Structure formats: structure tokens, C-alpha cells
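J.: One predicted model, sequence on top.
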Amino acid sequence: MVMTLEPPKYIFDPANLTPNDYKSGVPPVWCPGCGDYGVLASFLKAISELRIPREQLAIVSGIGCSSRFPAFVEAYGFHGTHGRALPIAAGIKMARPDLIVVTMGGDGDAFSIGMGHIPHAIRRNMDITYIVMDNEIYGLTKGQPSPTSPIGILQKASPYGTVERPLNPLQLALGCGATWVARGFSSKPKELGELIKAAIQHKGFSLLQVLSPCVTFYDTYDHFKSITKFLPAEHNPRDRTSALKYALDEQTLYMGVFYQEESEAFDAGYAAMRARVTTPNYGVREIMNKYMR
Amino acid sequence: MVMTLEPPKYIFDPANLTPNDYKSGVPPVWCPGCGDYGVLASFLKAISELRIPREQLAIVSGIGCSSRFPAFVEAYGFHGTHGRALPIAAGIKMARPDLIVVTMGGDGDAFSIGMGHIPHAIRRNMDITYIVMDNEIYGLTKGQPSPTSPIGILQKASPYGTVERPLNPLQLALGCGATWVARGFSSKPKELGELIKAAIQHKGFSLLQVLSPCVTFYDTYDHFKSITKFLPAEHNPRDRTSALKYALDEQTLYMGVFYQEESEAFDAGYAAMRARVTTPNYGVREIMNKYMR
Amino acid sequence: MPSNTLTVRVGGDSAAGGIITTGEVFARIAAFAGLEVYTTRTIPAEIKGGHVMFQVRIAPTEVWSQGDELDMLVAFDQQSIERYLALVRPGGILVYNSNDGNPPTTGDIVPYGLPLNDLAKSINFQRGRNIITIGALVKLFDLPCEGATVVIERQFGRKKELLEQNLLALRTGYDYVEQNISATAPYQLKPRQGAQKEERLVLSGNQSLSMGAIAAGCRFFAGYPITPASDIMEFLAAELPRVGGTMIQAEDEIAALAMVLGASYGGLRAMTATSGPGLALMQELIGHAAMTELPAVIVDVQRAGPSTGMPTKVTQGDLRMSVFGTNDDAPHIVLAPVSVEDNFYQIIHAFNLAEKYQVPVIFLSDQDMSVRMQTVPAFDLTRVKLEPRLLWDPESGEKFARYKDTPSGVSPMSLPGMKGGQYVAEGLEHNAEGEPNYDLHWRTTNMEKRARKVRLAQQEIESLQLYERLGDDRADIGILGWGSTIGQVMEAVERAHADGIKVAVLYPKMLYPLPRALIEEFIAKRKAIIVPELNYAGQLARMIQAEFWREVISLRKFHGTPFKTREVYAEIKRVNELLKPAPKRAAKKATAKKVTARKKPAPKRKARR
Amino acid sequence: MPSNTLTVRVGGDSAAGGIITTGEVFARIAAFAGLEVYTTRTIPAEIKGGHVMFQVRIAPTEVWSQGDELDMLVAFDQQSIERYLALVRPGGILVYNSNDGNPPTTGDIVPYGLPLNDLAKSINFQRGRNIITIGALVKLFDLPCEGATVVIERQFGRKKELLEQNLLALRTGYDYVEQNISATAPYQLKPRQGAQKEERLVLSGNQSLSMGAIAAGCRFFAGYPITPASDIMEFLAAELPRVGGTMIQAEDEIAALAMVLGASYGGLRAMTATSGPGLALMQELIGHAAMTELPAVIVDVQRAGPSTGMPTKVTQGDLRMSVFGTNDDAPHIVLAPVSVEDNFYQIIHAFNLAEKYQVPVIFLSDQDMSVRMQTVPAFDLTRVKLEPRLLWDPESGEKFARYKDTPSGVSPMSLPGMKGGQYVAEGLEHNAEGEPNYDLHWRTTNMEKRARKVRLAQQEIESLQLYERLGDDRADIGILGWGSTIGQVMEAVERAHADGIKVAVLYPKMLYPLPRALIEEFIAKRKAIIVPELNYAGQLARMIQAEFWREVISLRKFHGTPFKTREVYAEIKRVNELLKPAPKRAAKKATAKKVTARKKPAPKRKARR
Ligand SMILES: Cc1ncc(C[n+]2csc(CCOP(=O)(O)OP(=O)(O)O)c2C)c(N)n1
Ligand SMILES: Cc1ncc(C[n+]2csc(CCOP(=O)(O)OP(=O)(O)O)c2C)c(N)n1
Ligand code: SF4
Ligand code: SF4
Ligand SMILES: [Mg+2]
Ligand SMILES: [Mg+2]
């Protein structure tokens, strides 16, 4: 009995579950006021509206406050090691293309230790959604600067201010050829929910940066509120140049879908190749025959 | 005796060394015809023209055919582990700002296992030069696809063709906010030499992608010759949009300096901060006093 | 019943705030008064909020452990009473908020109610309940009130108004006890004669270590945040630039060590600090440093695993990874300090050994030692001797060969900038010049050379006093341990001695290479060797068995908390029984045993130190 | 002097090309004729070019090792003569190009000159010298010419013209010998009766392993190229999609294992393969797999370190990293196959143990085994039994708890898609439901549970026959080894038996947990235990000492080449002497000893297998 799993037929759940039905019952450990609560609420709403069966959803994360996410959702979850959520998710997706795979984590997990995996996830363009809860800080380890912290930020680990310039995750993703790039904000739950739905529905790799303040170590609520704005109606998300222009803006943090493009997903492409080369009645016996003396 | 090194004054060598004087005497192990020979020749010429004292030059590499580079140059060298050349170079530069630090390696070393360090090297913008010898293949391990291999490439590790799209290193670097980005070709030694000189002279992080074919596992000489072209005169390397436009071109691989910008280097910025906070006669005694009961 | 040692635990919900502050401020007041303190705390699993406790043990002489039982419990909520009351010794005290329910009527324990809400209201300072409590404690223990004032001033001095409120709160608590609770304080803690004049520090293991690094000439640090090592990075972020050094927060642990190796290559004394998961990631580069013969100090503040495990709890489970974690045999050194104070001196040895032998040195601290605050004598800076790296002399006229074979195995090194000193730090097997070379001759020479250096480092054991040897050397029972368990062991041994059971104690601080002669001599003299460790496998125990072909008794605990003194004591007793030549007993074998948590506190005993 | 075993070495510059082909084609011709072959080769340190040698040992019965001395040297250049002539046994043959200088006049060796340039010219095929040589060898050894033709056809069959040229070259060499060299062939290699009818494969260890993985139901592989593991990835890149599986080349080793864990979580049998530096990088995730209880197979084809070391050379130096490399105690399993053939069957056990016990299994092959080509009996697919993962039954009505404690420690697992089976694979310490939880109860339960599973796996030793037990079980001398050294050991033991020295041999294939009962029984019967290993430290030797408190004799070699039979034999002899009860000798202690390279070949002997 060789364990090739027959992907179960993917069926949207007829049960019409409410967001509450997707709660695992594990109470979130986040600080009161943490932006991640907002992300969780929007996420629950989004998946209930998409009517994703709970057993068909896999949520993968790394390590961080935000990476505690999977525990709070009634779904399959994988709380990985720091920075490795994306390749874990890739393994799940390739093994189980029938699943909806959502990767979640923080800015440190994603853009610092996990950085090496992002350009590759993007170029593979597997059908995975990556939601990065960006608080511009390391929350769980109590407030060190992250790759998205503004230059000069004062923290215990940077008592005289940081010298390095922050990364712009959207610009980076566009630079790697991402097929779906967006930004949301935990305090705009309705729009965030829509973005999450769109991200999950995109066939390919989708990167959703969610501004999600850390009230305890770097409270950016007011700051984010003052500089966020939705992308103007004239922005065409299929226009890469326009996407780049808005992504580059440092005065205003635009929210919405910056870019979107249809391009073959790795899982689909690999499956097509596999279908081409799979040979019926081909197995170890046949392989062995090639090595007969 | 606390070992804070006083950086020796940096003096260009009066000896007027020839490129040959920068040869270590270790014969290169590359296959006859390997593009890396051309890079070595251009490099030796460039450093001799810059009159860099041999003992003031540090060359750091990872693992790969191209990463064997340091052994062949009469300079200080560091043959690191696979993918870690950049952070090693960063340590050297911060410890010894008086040195000229050049990092070298291949496309696999840089953009696959080493990918996690590139956006950070770029955002720190330390005064380091990174020369990536891009043969669009893993040479040393005998010909597996690399992140820059074209889609569909047939190799032993991809007998049915790869599915993932290649990375565009220049686009990626620009997306991370690089301050100096260029492309050269091992078969254009004169221009390559000039690019190497300019890269070293740039104050900040400079990324130079050098097309350098692997004759043994993926001979791209003809291909590269047919699709390379120098950037047109009207291109202004201070114009990021223009840089992006040429970097995005997949029909033509442009050569030359795509982008260049002056921005504070991490080493300089950190030194300035240090100068601000360094306190004379401050030491362990004084630190200890803060913890007196 | 007055006593001269005292263990107080403060418990409550950290969301309400102030639990840790209460404990810490009280500890500082005691220290200021000339007493010795030793604190422990829990860290809630929750990110914010969640139950916490802070424990202070106070005595006139040095305190060795957290204490097994409580003399006093200060409970800010009902949960604290439920959790900890059983730990209070008979005759001990429960301090509780009498505005907030009644204490349980446990016959043996004396309840002291403080009407905290009323008192806070009376001074119009709702958040002042902690400091009111401190005021009460100060009076209860008859500590000097002026000292308390100074400590409060230091803690809250920045904001004048807040300071005044807090001083008032202090007074309020003090006065309340003075007026309402029996005239004689239940404990009188008198410092040793002249203790107040001694220079003493109050700090944590991580602070001690960081200060030691600066004393050791460390001028480069690169790190990546990880509990419980992050505050080393934060300490050095503030202090290194002030002494001309550099601290970089790297993008991950691999980059951190890579930067350290680069800086070391450049000539600086360089260090990184991490915890288990980070050290796992560093193994490839540790092997590289061994191969290229680069000095580097790598601190691992051990936290409970496996994997992410219990990041806020202690383990000594990274020993084997530290010794054996690289691919193929990569000789290097592993050290472990035994106490908060020891962190300072040992990290200096770590740097000196790294530089002298041109090897990576892994330094195994642990979560318990790292967060614990203790009074320690001011560091004796005259003891700090820096061992320089053996450098090539460009004037020597000799052609430089980086990996030249020498009797010690240590080759003179050049630094960038030295004319004629050019070489490649080479991770491939190489010849003397550092050129890749796999010939039998060079392979043999270099494998031997790299191992020889580290074998030689063993000989520093005596000159650097890389061990603690305590107890009674004539004893049949030996305890051979490592790291921060020494405190509970010493207390247990003193208790055993009082009972007439002799025990000898050896704590090597160099764990790799294992100090052969020292251990051989020590174990040869014993009938039974107990190896106490905070890990599941008995990692040191097995290393000892591997090297000395002798069974040892492995005493293990792996629940994320330090040993209790009574756990070690019980094992000593058990082994002592086994050694008695009663024919019936001899059949029972002295086999390995794990400490299983005991629910009930052991019978009361008097602590000695 | 005809003999029925034969060792031929072909040497030359790889830049000239064809050295490896010559050896390989010759080996295949012999195999085709029904003979058993065993090949070794060197890989030049240079990227292209550089000196190489290819060695074939041929016999009618199974060949156990590369052979210590040469019966014939085929030297394509002067350097080969200089390097290897001393290895040729007295009476052996040197084949050389007589158009290219004269052979040295070493009395004892018979020079056969082939005018290769002339012959090649005569057929107008300059690059044909290798195949001409093969033709000559075929005749010299009286191998069937038809077989040679078939092999050449397979090798060059794609291009008709090239094939014809090569067939002509083959004939030319054959004819030259027939006409010019003494009528009787110096060796007559006759296959065993009926051998030609047996199904036999010619393959390398990596090919055997890869095939085994597919037989084991592996349907997901992610890897990152690294010598000498890359060809496992390449094999599976071609074959996995054909059987419905997936192979991904990841961006690095960490990502590779992360993908494997993800695929395993999804329900597939999944594997990665790497070498030392890659395994070092994977340690953090190996701990995570142990904690989350995910099956995974991690192959390490060991190559000489430390660090990058000598990537094309063999070591057995990753044993300790494999066992002890994670932070804190993370129970898992380590297996090691002993031969090319064994790679197939053991990797199946690796998958079964991983799935059955829900643990990561590290599989330690080595460079020598991985590249060596050997004849092995066709794999017996009826022996392949797949052990399924214990799955939760959604129909059971019981609420699912992923980490439910069970007597075996193995908890039924759900797979995504199962309704009600939702859980989080949790790297933090957790309760039965997988929710983070550090309580004493759960900590204890889970640490015990994870360890219990692995202890239980020990009991498979007998049912799966996870060991080789050879030699004479009554012997005083025991050899306890692991991995690919078994061949040389077996030859040495046969030689010792012929000399009247009895030796018992045990090769456990499960190295962690160490099979307690098996080893205990084995060593209890011996007066001396030799542990031969290809590493510097004597890694297994020390593990044995740690677990059984008994000194063993550690026989080590760390130069990147396999043992020679005579090195093992010499040690057996030495130990045998020591065991003799002569009063003078008893004083000398049987201590650990390293093999130092001997320059001169040992006196000739007749190989047996
Ligand atoms: C290998 C490793 N290194 C470091 C850590 C410590 N660590 C835990 S979470 C974290 C960063 C968290 O930041 P982010 O990803 O932004 O998440 P947040 O807590 O802000 O949501 C770090 C450094 C770890 N767990 N593992
Ligand atoms: C940790 C680790 N993984 C894998 C390898 C094997 N390896 C050596 S070089 C290399 C890739 C080389 O490709 P590239 O960097 O493009 O250099 P090139 O040889 O093409 O110049 C790999 C995968 C290694 N040495 N270390
Ligand atoms: S520390 Fe910050 S990110 Fe973490 S839970 Fe609290 S508010 Fe949220
Ligand atoms: S294998 Fe390719 S990259 Fe390597 S040396 Fe040869 S030609 Fe150059
Ligand atoms: Mg964050
Ligand atoms: Mg390459």
C-alpha cells in the first residue's frame, strides 16, 4: 500500500458556518489591544464567507506573537520554527493540493530570519496565501527593531537609534515578480476581510501585508491611522508600474490590492508535468530493470 | 590591553603593482573556458588600477566554483560556508572599516541559500562590494538549476524542465532599495574591469551581477553574446524608474550601471553614532557602578 | 520565631502589574541594607498578563539557592494563595489583601491582612498597593526605612510627582504595620558586621556576563533576539559603542555568527549570544570556525526544549549539542559558569581561551542563572588578565604560513593590514599556507593540530581554576555537576554534613574537553558519583561514562525549574543508604533515577547560607 | 598465475577523459559475464581535470571490499605509474601505453605494453584508446567477447557511428592481445555455475537508496544539491513524478526539511537527503519534528569534514551530530546501512520506523557507499512491507486529541481533510490537544511519551533484523562496527580465521537508540572489543562506553579513504597478542589506537570473496 493520497474532492462547506464556528476555543494570548485581534476577527469572517470547510484549511506559522495565530482557529495548523513557515506551507500544498493553505506570521519572522524563503515562494508562485502581521517590531521577544522598523527607532536593542533603513515589503515582493500583492490594516476590519478573501482566492502566491500594531512595545495606532489611505480608484492592479509607484510612497501607506496577475502556479505546473510523465504500471520493478547488469 | 584596533591609515599603494602582482600563485581549479577566468582577469586589472594595497583588500566568498576566487588573489581572503559570504563580509567591514571588502560568489550561493542576507546587506548599505558570478547554474555540484536558471531548463535535477520562474537579481536589488546596481559579462573584460572599479569605489553596498558562463554544465556563451547589450547613453543611472525599466527587459540583458545613489553607509552611520556616545574614561568600572546595590 | 534567613514569594496576575516590581524593589531594599539576596521568578506563558511570581531569599551571608519553602507568601490574589500556600512552612506568614476576601484558615500559618484598597484610597493612589505592601514588609522585617526611601527614589526618581506618591505609599504601609501588627517583627534580618561598607552589586547572570564580556575586551557583538539571551544583546547595544565597540542586530543567528567570525578575522574579540534553537542553526559555522581556526565566543543561554519547547524555562539540555553538534569532528571548547557572579569571570576565560587557542568557545549559561538577580561582590578587575592572540611578526623575515604546524598546534596569525600576511581562512582541508589540499600528510597534520590545541587547553584547568571543588574530599559520595545547579547542591551537601553524611563536590567549568586528570582523580576516590542535571538524558552523566567507563548515578529533572535542595538531599541520603554494607541492601543497585516532582514540601529545615 | 579474484586499477588525468568510463565499462562487462564486481574511485579536487583512478574488483562470489593490492594496473600516464605501481602485488601486471615511454623495470611486475597510439591510428579513431584498452583487458581475462559487445552497445548505442567506431576499437584491442601476448590468459575469471541466470543489478549506494525510497512509498522529496548526496535528488527528480510523487529542489537545506515536514503533515511519506553541512543546518527542524511527532526521513551521505572539509571523501564523522545535534533532548532514530545492497532495505525500515513511531529518522550513508558501484542481487520486492501511520478513526466517536498519551507513546494522528481532526502541530510544549501548556503534568507526560516511543523502536531490532552478526560467536575478540566498514572487516576476519584467530562481528544498523540487549549480550561474551570507525574521535566507541561503562578499542581512520583490509587485520592480530596470557604482555594495555597510513603495501595474500 503506497501512500499516494487521492486528493479528496474539494467541496465548499454547505453548513454555512459563522465566524464563531471557526474559533478553536483556545483564548488568544495577545495583549489587550494588540492589532492581531483585529486580524483574527477579519480572518474568521473571511473564511466563513468563503465557506471553507474547517478540515480543508491549513494554517502555517513561524514564531512570534502573530505566529500564535493557528492555535486560535478551528482548522489544521502548523506552528513551525522561526522563519520557516513558507517552506512548511509549500510542503503541505504540494502534498495536499486540495487544501487551502494560509501562512501567517510577523514582520520579523517573515522579513528577517525568514527572508531567504520569500523570493523563492514568490518565484514558485505556489497557490499559498501569506499574511504578514507587520507591527514593525519584534513583539514576542519584547521589542527589538525589525526589518520594517523605521530608521532611528529607539528600543532597548537600539538605544541610540537604528542606522539601517527599513525594507519595503511590497516593493520587495514586486521586485521578485509576485503575482498578488496587497496591504491592509487591522483597524480596517471590513476591508481587511475583503483583502483576505481576495488573497485566498488568488490562484498563486499572494502576499498580504497587514499593519497590526503592537500596543506593548511599539504603539503605532495613531501613526498608522494618520498615514494610511486606500488606493485610489484609478489605480489598476494589473499595472505593475502603478503598483510600484504606490508601493514606493513613504508619505502615505496605501491599502488595497497593489498588483495582481495570472500566472501558472507551481503546484499546477508541477501537476501538469507529472500528469505528462506518470506512467501506468510503472514502479520499482521497472526502475530496477534499468539497472539489471 | 583591550583589543580595539586603531584602523591603520588607508594609503593607496605607491608601488604601482601590475595585475600579475595580485596573483596568489595558486592556479585556478576552474574548467578550461570557464567564464570565471575572465572575471579574475578583470578583477586583477581593476584592483591594480585602483592601486589597492594587497594587505588592505579582503575578499570573502561562500561555496561554489566561483567562490574559489579568494585563493587566486594575493589578498586577505575568507572562504566561508555556502551562502554566508555577506554577513562574514559585514563583520569584517565593521571590525575593520579601513579595509576594502569585496564579496564574491555564484548565483546559487547568493540567490538560493544566501538569499536571506541580500535584502539586509542592501538595507544596511555597508560599504561592501558584491560580485556575483552568474552562470545560471550550480557549477560545483555538477549542474543543478539555480534561481536564475530559465524556466524549463533541462538538467539531471530537472529532467522534465523546471516549473519555477527565474529571479531577476537586479530587479530584486532595486526592490530592496540598493544604492548601486550593475551588470557585466565575463566576455567583456574591459567594461567588466571598469564596472568592478566603480563598484569598489561606490561608498555603500554595490551589487554587480556578472554573467559568467559555465562551459561544463550549461554553456551560455552564445546565448549571452546574443542577448547582451550595453545600456544606452540616455539611461541616467540616478533614475530609478529607468533603471527598473532596463532591469525588467527580458529580451535584452543590458550591461552597465543601472542605478547609483548616495546614501549613508551603515559603517559610516554607526561610526558617527559611536563617536557621539563614546565616553572617555568609560569602562567596566563605570558600568559596574550602575549596578552597585 | 525570628530566623536569619528568609524566603518571600510575591504572587499575582502580571496584567494587574507590579508583582515583579514589588519583589524586585523589596530585594533591592534588603541588598541596600547590606543583606545578600537571591531572586527567582516565573515568566508567564502568556505574552501579557498571566500569573507570575517573584521570590526573594535574603540572608546575612551569601545565598546559594532559591529556597525550598517559603517563610512568607505575599498574595495579591486568590490564585496565589491556592498555588503557593502549601509551600509556606509551618509558622510562616501569609500577607494578603484583607479588603479582598479572607485568608484560608490553615492552622499553622499566620495571616497578616493588609487593607490595601483602603490604604491606597486613603492616599488617593490606586496603583500604590504594591509600594504600600513594600512599606509593610520593610517594617515587618525591620529593615531600615531610609534605605527603602533611597531605593524607591532610584526606581521612580525620573518623575517627581510619581516619586512623591510612591514615597507616601511606602510610609503608609510602614505605618500601618507599626500601628496594627504586633510590636516585635517576626524576623530580624541583620546584615553582617561591616557588610554595608562592602562593594556589592545587584545584578542578573546576563548582566554579569555582558559586563564580563566588556572586561574581556569584547568589542564586537552580533546577535539575534531570543529569550532568554536577548538582554545580553540589549546590554551590549548600550555599552559597546560607549567603549568604542560595535553591536549589530543581525537578520538571523547564522548571520550573527558569520558576522562574529568576520570581525574576529579582522582582529576583534567578538561574541554572539543565543539560546538552543539559535545554537542549532549555528552549528555549520561553528565547524567552520574550528576548521579556519578563528576565535569566537558563542553564548547559549539554555532554555527548555526540545524545539521551541518552553522558552521561559530552564534546561541544561544543550550540552551534547554544544559538544557534538557539528558535522565531523571539529575540536572546540565548551565552558559553563556556575553562578551569577561566575558568569563574569568565566566569560573572560572564554575569550582568553578562544584567542589563545584560536577556536570557537561555546559558553553554556542557562535561563535560571540568566534572569536571577543576586547580590555579588563587586568584580575584582585586578583579576582580569587578557590573553592576546598569537600574531605573526611581519618583521620576523619568515614567510607567513597561516596554518603552520607547531608543537602546541597554535599557529601565529596575521591580521588584515599586515603586509605579507595575506592568506585565506579556508574551510576546505588545506596545507600550511591555507591552500586547499587533501593529501594524507596535510590531512593528518591538521586533524592532529586542531585536536592538539584543544587537548592543550585542558591544561589550563588548574591555572585558570576552571572548577569548583567543595565539600569533604574524603567522602565516599561524590557529586559531579555542572552549571547553575551548584547552589542547591551545596545547600544539600551542608545539610548532609550536618547529618553526618560526607559528600565531595566537583563542578568542572570546562566541559569540553573534559578535564581528564581532575575528574579521574575525583571519581577514583568515590564509591558513588551522583551527577545532577536539568535535562532528560543525563547528558554529562553519559559523557563521564563514555570517558571513564564507570557508571554514575544520574539525577535528572527536566520540568523547566531548578532543583530543590531537598531533591538533591534526598538523593544523597538514598545513595548513602545504598552504600551501607548491610547485606540486604547491597542487592539493590544504585541505578539512575529521575527526580519526580513531589507535591508536598519537605519537612522544614534551617538554611545555612 | 591464474587466480579467481582480481583487482584492476585504471589511472590517468581526468582532463584527458575516459578513465572512469574505461573502468566502468570494464566492470559492466565483467558483471554481464556473471561475475561480481565492486568498484571504487577517487574524485579529483579540481572541478575539471586532475588525476583520477577507478578500481574494479572482480570475483565469482560476492566482493566485500575494494581490495588492498592490485593485480593489475592500467596506467594511462606516467603519474599513474608513479602513484600506484607500489600497490601492485608481486607477479601482478602493468598495462601501459608502449607508444608513450617505457615501463619502469621493477623486477616483480609483468609489463604489458599496448601500442595505443598506433592501434588508435590504425582504426583512425584517436579517442578510441580507452575502448581499445578494454578490448585488450577482455582478452587478457578471457571474458566473453559477446558480452563486451552488448555492454558497449548499451553505453554508446545512441549514436550509430560512434557505436561502430567503439566496437571496432574493442575488437582491435582484443585482437592485439590475442596475437601478441602469450596464449594463456593470466587470469581466468569464471563465473559461478548458473550465475548468469541470476537477476543481478549493477548500481551505486545512492541508486540503491533512491530505489528503496520509492519502494518504501516515498512520494515527496525536497532537497538541496550537495556532494555526495545530489544524485539521490536527481534520481528522484526523474522517477518520483513517474510514480505520482513530487520532488522539489529547495532554496536551501532548511527549506528542504521544512517542506518535507509539511508534506509529512499532509500525509505523504517524505524524505530529504544531504551531507554534513546540510544536516548541521537542519538540526533546529529535526528537533521540531521530534516535538511535533512528525515522521520524516533525513539522509546524510557523510563526507569528510569538519566544515567543508574534503567533500569528495568519506567519513563516518556525523554520527554524534545525528544523535546529539538538536537543542535539548529530542528523541529520534538514527539508522545506518552497511552496504550498497543494504541501502535499499534499510531505507525502507527508515520510512517504516518514522511512520510507525512518528519521529524523524536520520539515515547515515557515506560517500564511499554512495558512489561505489556494485553487483547486488535484484531486490526482493516481496520483502518490502510498508508500515502505515497510526491514524485516528473519525468514526470512532472519540474526540480527537493529537498528542493523546498511550502505552506505546504513539498517538493516533489525523490528516488534513479529516473532519474533526483539526489540531496544531505544536513546537511548544503542549497538552494532549496540542495547545501550548508548560504544566508539570504535561511536561512530564510528553517528555516520557516522546522518549518511550523511541525506546520501543529498539524492540524492532530482532523483527526487522537491524543488525549483521557474523564471524565466530565463541570468539574472545569482538568487532563492533557500523556502516560501510563491514566489508573490510569481514575480509579481515576471514583472514584471521584462516590464521586460527577467532573473531565475532556485530554491526547494528540502529545506532540510536543503541540496541541495548543485543550489544550487551555481544560484548559480555568478549575479552576485547574493537570498534573500527572512519572518524577522528571514535564516535561509536565513545557511545558504547557511555552506555555500557566498558572500555573498547577504538580503531580510527580519518583521512577520507575506507579502511584497508590489512589495517583491520593488523589490529585483530595486535589485540590477539595482547590477549595472550604471557605475563610480559599483560602489562601492555590494549588502548585505543589510530590507523596511521602505511606507505608500503602489506605482503601479498589471497582474497577470499
Ligand atoms: C531560531 C530562533 N531565533 C529566535 C527566536 C526568538 N524569537 C521568537 S519570536 C521572534 C520575533 C518575533 O517578531 P515578529 O515575527 O515580528 O512577530 P511579532 O511577535 O511581532 O508578532 C524571535 C526573534 C526563535 N524563537 N527562534
Ligand atoms: C550547506 C551547504 N549546502 C550545499 C553545499 C553544496 N554546494 C556547494 S557549491 C553549491 C552551489 C554552487 O552554485 P553557485 O553558487 O552558482 O556557484 P558556481 O559553482 O556555479 O560558481 C552547492 C549547492 C554546500 N557546500 N554547503
Ligand atoms: S507584545 Fe505586541 S505584538 Fe505581542 S501580543 Fe502584545 S501587543 Fe501584540
Ligand atoms: S563547472 Fe562550470 S562554473 Fe565550475 S569551473 Fe567548470 S565551467 Fe566554471
Ligand atoms: Mg512583529
Ligand atoms: Mg552558479
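T.: Looks like it came in fine. Ligands and ions are numbered 1, 2, ... in the order given.
J.: Check the gap between C:P115 and ligand 2 for me.
T.: Applying Cβ to the nearest ligand atom, to the nearest Å, the value for C:P115 to ligand 2 is 65 Å. Any C-beta I mention is one placed from the backbone N, CA and C, and that applies to glycine too.
J.: ok, that residue to C:T172 distance?
T.: According to Cβ to Cβ, to the nearest Å, C:P115 and C:T172 sit 11 Å apart.
J.: more neighbours, the two?
T.: Using other Cβ atoms under 10 Å in any protein chain shown as the criterion, C:P115 and C:T172 rank with C:T172 on top: 19 against 16.
J.: element containing that one, please.
T.: For C:T172, the element it lies in under DSSP states H and E is helix C:160-180.
J.: distance of the closest residue to chain B within chain A from A:R240?
T.: Nearest residue of chain A to chain B (Cβ to the nearest Cβ) works out as A:G175 at 2.0 Å. A:G175 sits 11 Å away from A:R240, taking Cβ to Cβ as the criterion.
J.: So which of those two has more stuff around it?
T.: A:G175 (29 against 17).
J.: That one: what's its closest spatial neighbour, skipping adjacent residues?
T.: Once flanking residues are discounted, A:G175 sits nearest to B:G175: 2.0 Å by Cβ to Cβ, 6 or more residues apart in numbering or on different chains.
J.: Wait, the one you found touches A:L172, no?
T.: Yes - because the distance of 4.8 Å satisfies Cβ atoms under 8 Å, B:G175 is recorded as touching A:L172.
J.: Any idea which residue of the stretch 51-200 of chain C lies closest to ligand 1?
T.: Here the residue of the stretch 51-200 of chain C nearest ligand 1 is C:V52; by Cβ to the nearest ligand atom that distance is 19.6 Å.
J.: got the contact list for the residue nearest to A:G175?
T.: Taking Cβ atoms under 8 Å, 6 or more residues apart in numbering or on different chains as the criterion, B:G175 is in contact with A:168, A:171-176.
J.: and it, what pLDDT?
T.: Here, the pLDDT recorded for B:G175 equals 95.
J.: And for the one 10 residues further on?
T.: At B:F185 the predicted local confidence, pLDDT, stands at 98.
J.: same thing with C:V595?
T.: Confidence score, pLDDT, at C:V595: 53.
J.: Start and end of stretch A:47-64, how far apart?
T.: Across stretch A:47-64, the straight-line distance between its terminal residues is 23 Å, by Cα to Cα, to the nearest Å.
J.: buried set for the longest helix belonging to chain A?
T.: Using DSSP state H to assign secondary structure, the helix with the most residues in chain A is helix A:35-49. The neighbour-count criterion (16 or more other Cβ atoms under 10 Å in any protein chain shown) identifies A:35-40, A:42-48 as the buried residues of helix A:35-49.
J.: Can you lay out the residues you listed as JSON lines showing pLDDT and distance to C:I29?
T.: Formatted as JSON lines, these follow (pLDDT from 0 to 100; distance: Cβ to Cβ, whole Å):
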{"residue": "A:G35", "pLDDT": "98", "distance to C:I29": "39"}
{"residue": "A:D36", "pLDDT": "98", "distance to C:I29": "39"}
{"residue": "A:Y37", "pLDDT": "98", "distance to C:I29": "39"}
{"residue": "A:G38", "pLDDT": "98", "distance to C:I29": "43"}
{"residue": "A:V39", "pLDDT": "98", "distance to C:I29": "44"}
{"residue": "A:L40", "pLDDT": "98", "distance to C:I29": "43"}
{"residue": "A:S42", "pLDDT": "98", "distance to C:I29": "48"}
{"residue": "A:F43", "pLDDT": "98", "distance to C:I29": "48"}
{"residue": "A:L44", "pLDDT": "98", "distance to C:I29": "49"}
{"residue": "A:K45", "pLDDT": "97", "distance to C:I29": "52"}
{"residue": "A:A46", "pLDDT": "96", "distance to C:I29": "53"}
{"residue": "A:I47", "pLDDT": "96", "distance to C:I29": "54"}
{"residue": "A:S48", "pLDDT": "95", "distance to C:I29": "55"}
